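Give the three-dimensional model of this entry:
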Amino acid sequence: MRYVLLAISVVVLASPASARTLGYGSKAGMEVTIVKKSGINTSHASIQTKHTRQNAIGYCRDYVGKVTEDCIAKEMNTPLHLEITADCKSGKFTTFYGANMLFQGRSPDGSSTDYQITDTDENVVLDGSGASGYDYTLEQFKALCPKRVR
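This is a model prediction of the structure:
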């Protein structure tokens, strides 16, 4: 009798609510490491992070294409707010860049985005383009308030 051992590889994609890192920008490797979550899905949601050397190496490798001490040092000096917060009931939240945002739920028909997010500092609705930061801003809100985004 012969037995065949079959190895199966399974890739599990972490949801923003359970991720160990969280994106702060649109370029590959722009991530910070989550160190603490509290009040997720409440009016006092908070995620505290740190920008680690490993995060910087990931950016240099994945986006710049070359890991050097100079690249790592520059990435480590990226000015970020390392805590993001949200009031999941009102939709108000902050980003790693310190911007104040408002999640307004599903976008109206004909919109280029699934959800409407307004930068309340600039009074501008994010249009879904890479330049607007829509994708990583939505990812941050999802991590804070996963029940609001399905």
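
List the residues that contact T21.
31-34, 55 (CB atoms under 8 Å, 6 or more residues apart in numbering). Glycine gets a C-beta too; all of them are placed from N, C-alpha and C.

bridging residues for T33?
Here T33 sits in beta bridges with T21, K50, going by DSSP bridges.

shouldn't it be in contact with R20?
Yes. In this structure, T33 is within contact of R20 by CB atoms under 8 Å, at 6.6 Å.

Looking at these two, which is more packed in?
More neighbours surround T33 than the other of T33 and R20, with 15 against 9 (other CB atoms under 10 Å).

any idea where the strands of this protein begin and end?
Counting by DSSP state E, the chain has strands at residues 21-23, 31-38, 45-50, 83-87, 92-94, 100-106, 115-119, 124-125.

D114: neighbouring residues, count only.
Applying other CB under 10 Å, we find 13 residues neighbouring D114.

For it, give its distance to K142.
As for D114, its distance to K142 is 11 Å (criterion: CB to CB, to the nearest Å).

ok so, going back, out of the contacts of T21, give me the two with the largest separation.
Farthest pair in the contacts of T21 (CB to CB) is I34 and N55. Separation: 11.0 Å.

Just want to know which of the two has more residues nearby.
N55 (22 against 17).

which residues does the more buried one contact?
Listed by CB under 8 Å, 6+ apart, the contact set of N55 reads 21, 29, 31-33, 75.

Please repeat the previous calculation with a cut-off of 10 Å.
Applying CB atoms under 10 Å, 6 or more residues apart in numbering to N55 gives the contacts 21, 24, 29-33, 49, 72, 75-76, 78.

Can you check which helix is longest in the chain?
In the chain, assigned by DSSP state H, the helix with the most residues is helix 134-144.

In it, which residues are buried?
Within helix 134-144, the residues scored as buried using 16 or more other CB atoms under 10 Å are 134-138, 140-144.

and what of stretch 95-112?
95-97, 99, 101-103.

try stretch 114-132
Within stretch 114-132, the residues that count as buried by 16+ other CB under 10 Å are 115-119, 125-126, 128, 132.

count of neighbours near the closest residue to K37 other than its chain neighbours?
Leaving aside its chain neighbours, K37 sits nearest to I47 (5.2 Å; criterion: CB to CB, 6 or more residues apart in numbering). As a burial measure, I47 scores 25 neighbours (other CB under 10 Å).
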